[in-house]
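Undergrad: sequence first, predicted coordinates after that:
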Amino acid sequence: MTAAGLVPGRLLIVTAVAAEAEAVQAGVNAGSADPATVHVAPVGVGPAAAAAGTARLLTLAEAAGVPYRAVISAGIAGGFPGRADVGATVLGARTIAADLGAESDDGFLPIEELGFGTSILEADPTLLEFLTAALPHAVIGDILTLATVTGTAATTAALQARHPAAVAEAMEGYGVASAAASVPFAELRTISNPIGPRDRAAWRLREAFSALTEAAAAACG
Ligand SMILES: O=C(O)c1cccc(C(=O)CC[C@H]2O[C@@H](n3cnc4c(=O)[nH]cnc43)[C@H](O)[C@@H]2O)c1
């Protein structure tokens with residue numbers, strides 16, 4: 001059984017940038033699933049581009065009479081130190097919009113407390129169960145979505161305190177999940193850098209892209 005075979009019909013895997021899409025596509029091609037049942041597409045960096053791009057692809061497919069049956073937000077991510085190391089693969093039990101809310105003298109208020117909906121979107125249980133079985137070494141936990149890459153120790157500590165089950169942060173998951181509200185959704189990431197004080201030289205892109213290819217091959221094999 002493959003992720004594409006789990007859900008009859010086509011599987012959509014969206015990434016932020018072309019390099020991530022190429023890494024995922026290489027894994028799909030190496031897996032035993034029919035590559036025609038999996039569509040990999042880069043839709044842009046950040047939650048807004050991710051939501052708009054995913055919604056467009058879902059709508060076009062539905063209008064053409066070939067709707068996608070599931071959507072995976074995939075790509076590289078920052079890992080919380082001690083929770084997900086560089087090179088690790090992570091699966092999101094929940095995708096959380098960690099900066100969607102308001103600041104106050106009492107701290108950050110998520111949109112739940114403002115009465116505007118939810119900042120927490122759960123992965124589809126069946127899709128998550130399948131991916132967990134296909135990727136037995138993956139770290140499972142919450143994945144935060146932020147429009148701004150965390151770059152200080154103070155923000156890292158605040159996010160860790162507010163989200164004790166968070167293992168990673170990226171910039172698109174919540175946007176993809178919002179667009180895929182009526183379709184099974186999951187988030188799959190590989191860790192390129194530790195979350196913390198900004199050190200671009202410490203990003204291990206090659207390692208993360210290679211882990212992404214391996215994860216895609218396992219999910220589609
Ligand atoms: O060099 C930079 O400062 C920089 C800023 C924003 C994006 C990038 C990318 O390389 C975009 C790729 C993609 O990577 C995800 N990502 C990776 N690490 C993190 C992180 O620590 N925090 C948040 N997102 C991260 C993200 O989903 C980007 O779309 C480079």
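TA: Yes, it's here.

Undergrad: hmm, the helix or strand where L144 lies in reach of the ligand?
TA: In the assignment (DSSP states H and E), L144 maps to strand 139-145. No: legend: contact between strand 139-145 and the ligand by C-beta under 6 Å from any ligand atom is lacking; minimum distance shown is 8.2 Å. In short, each C-beta sits where N, CA and C put it, glycine included.

Undergrad: send the alpha carbons of that strand over as PDB?
TA: Output in PDB follows, covering the C-alpha atoms of strand 139-145 (Å, rounded to 0.1, in the frame of the first residue of the first chain):
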ATOM      1  CA  VAL A 139       9.300  12.100  14.800                       C
ATOM      2  CA  ILE A 140       5.600  12.700  15.300                       C
ATOM      3  CA  GLY A 141       4.400  15.900  16.900                       C
ATOM      4  CA  ASP A 142       2.900  19.300  16.200                       C
ATOM      5  CA  ILE A 143       4.400  21.400  13.400                       C
ATOM      6  CA  LEU A 144       4.000  25.100  13.700                       C
ATOM      7  CA  THR A 145       3.400  27.400  10.800                       C
END
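
Undergrad: can you name the next helix or strand after it?
TA: helix 153-162.

Undergrad: what angle do that following helix and strand 139-145 make?
TA: 120 degrees (axes from the mean of the first three to the mean of the last three C-alpha atoms, to 10 degrees).
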